[in-house]
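*Asks:* pasting the sequence and the predicted coordinates here, then a few questions.
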Amino acid sequence: MAVGFLSSCTTTAPIAKSVAYKGMYDEKPVTILLMPPINRSTNVEAKEYFHSTLNIPIANAGFYVIPTFLSMEILKKESAYDAELFLNSPLTKFGEVFGADLAVFTIIHKWDKSGLAAKVYVQVEYIIKSIKTDEIVYTRTGDVTYDASVSTGVGGAWGALADIAASAINTAATKYVDVARACNAYTFKDLPAGKYSPTYGTDGELPAGKKIFKANLNSKYR
Amino acid sequence: MKKILFISLTVLMLASCTTQKPLYTWGKYEITSYNYLKNSDEKSTQKLIETYQNIIEKQKGSRGVVPPGVYADYGFVLLQANKTEEGKAMLLKEVALYPESKIFIDRILKIIEE
């Protein structure tokens, strides 16, 4: 533990993913349940921005992500839609109902806009808990500054960016959805590979990202 | 020596960047699912349905299969739009492709029957 603290402070020696996220490598989870994001920021919309952008990076890492609209419906029926209630309580029920191995909690601490510089400042905490053991198997907190003034060029890989730009009927929503997308994409870059990834089981030696990080992002970040 | 190492590292990094094709492609999923989440009106429903069809028919990810949850949520949206038979068929496609979904798909089918 002490060694972990020290090395995370010095930045010179990154921790291997298999050490930082040991629980994930031990349990070999397949199915992930996205809990509705917890919004503690002053921006009421922030919850939805995150809710619609969480599943892509996690599915693309190789996990089975329980479909969000469907899970939302079931969570509402089971009176379990407020994720805050489950942050510190047993999760076994989600295993029974969804067959989920892990639950992803997202806590939006801050979402502030600065009008002049077209910047959005977000503080967001991600906590992934094992549904079997209730242990935290992955957690990262980011202070993200998103610069919306960076023009949306053709830099986006796989045309995703062009797609977003083309569908920009509501430009404000498009912009803010992209803020959440960038936060999620940046954070989950170091997520251990899931069963459907070609690197499943072989990525443990790669470095884990910093537990607490600062990042400057924009629409070009993939 | 250092220079060679640097160059080869750079080449390696670049190479790994270009070959990293995502497991799945998602088209306009993020913004259309946001609009549906927010509005659930006819227009946003239609746009989301188009997005799902696009993900299914024009999938360009490295796995070459429909991403997890897409058939299921597509089916669910169809059910909400009273397209019951089509919706159920999609839910069953999800189970066929991802057997781990059976547990909650069965649950949602039960909710529909009620």
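*Replies:* Looks like it arrived, so ask away. Residues are numbered from 1 along each chain as shown, chains lettered A, B, ... in the order given.

*Asks:* can you name the residue of chain A nearest chain B?
*Replies:* The nearest approach of chain A to chain B comes at A:P67, 3.4 Å away (Cβ to the nearest Cβ). For every residue, glycine as well, the C-beta is placed using N, CA and C.

*Asks:* just confirm that residue contacts B:V77, I think it does.
*Replies:* No - A:P67 sits out of contact with B:V77 when judged by Cβ atoms under 8 Å, with a separation of 10.0 Å.

*Asks:* below-threshold pLDDT in chain B: ranges please.
*Replies:* Low-confidence segments of chain B, defined by pLDDT under 70, are located at B:1-19.

*Asks:* need the helices for it, in chain order.
*Replies:* Assigned by DSSP state H, the helices in chain B fall at B:2-19, B:29-39, B:42-57, B:70-80, B:84-97, B:102-113.

*Asks:* same deal with chain A?
*Replies:* For chain A, helices defined by DSSP H occupy the ranges A:2-10, A:17-20, A:22-27, A:46-51, A:55-60, A:68-77, A:92-98, A:160-166, A:171-187.

*Asks:* in a markdown table, list the ones you listed along with mean pLDDT and mean neighbour count.
*Replies:* As requested, those are arranged in a markdown table below (pLDDT from 0 to 100; neighbours: other Cβ atoms under 10 Å in any protein chain shown):
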| stretch | mean pLDDT | mean neighbour count |
| --- | --- | --- |
| helix A:2-10 | 48 | 11 |
| helix A:17-20 | 96 | 20 |
| helix A:22-27 | 96 | 17 |
| helix A:46-51 | 96 | 24 |
| helix A:55-60 | 98 | 23 |
| helix A:68-77 | 93 | 20 |
| helix A:92-98 | 95 | 17 |
| helix A:160-166 | 51 | 17 |
| helix A:171-187 | 93 | 21 |
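
*Asks:* mind putting these into a markdown table with distance to B:S101?
*Replies:* Formatted as a markdown table, these follow (distance: least, Cβ to Cβ, whole Å):
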| stretch | distance to B:S101 |
| --- | --- |
| helix A:2-10 | 36 |
| helix A:17-20 | 27 |
| helix A:22-27 | 19 |
| helix A:46-51 | 20 |
| helix A:55-60 | 13 |
| helix A:68-77 | 9 |
| helix A:92-98 | 9 |
| helix A:160-166 | 25 |
| helix A:171-187 | 22 |
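
*Asks:* for chain A, what is the nearest residue in chain B?
*Replies:* For chain B, Cβ to the nearest Cβ, closest residue to chain A: B:G69, 3.4 Å.

*Asks:* between the helices of chain B, which gets nearest to A:I128?
*Replies:* With Cβ to Cβ, the closest approach to A:I128 among the helices of chain B belongs to helix B:102-113: 19.1 Å.

*Asks:* how about the closest one: buried residues?
*Replies:* Neighbour-count burial for helix B:102-113 flags B:I103, B:F104, B:I105, B:R107, B:I108, B:L109 (criterion: 16 or more other Cβ atoms under 10 Å in any protein chain shown).

*Asks:* how about stretch B:86-97?
*Replies:* Within stretch B:86-97, the residues scored as buried using 16+ other Cβ under 10 Å are B:G87, B:K88, B:M90, B:L91, B:L92, B:K93, B:E94, B:V95.

*Asks:* near chain A, which of those residues show up?
*Replies:* B:E94 (Cβ under 8 Å from any Cβ of the partner chain).

*Asks:* and A:P67 and B:V77? which has more neighbours close in?
*Replies:* A:P67 (29 against 24; other Cβ atoms under 10 Å in any protein chain shown).

*Asks:* residues touching the more buried one, list them.
*Replies:* Contact analysis of A:P67 by Cβ atoms under 8 Å, 6 or more residues apart in numbering or on different chains lists A:N55, B:P68, B:G69, B:V70, B:A72, B:D73, B:F76, B:E94, B:S101.

*Asks:* I'd like those as CSV, with distance to A:Y81 appended.
*Replies:* Listed next are the contacts of A:P67 as CSV, based on distance: Cβ to Cβ, whole Å:
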residue, distance to A:Y81
A:N55, 17
B:P68, 22
B:G69, 18
B:V70, 23
B:A72, 19
B:D73, 17
B:F76, 16
B:E94, 22
B:S101, 20
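
*Asks:* out of those residues, flag the one nearest to B:E30.
*Replies:* Of these, the one sitting nearest to B:E30 (Cβ to Cβ) turns out to be A:N55, at 9.4 Å.
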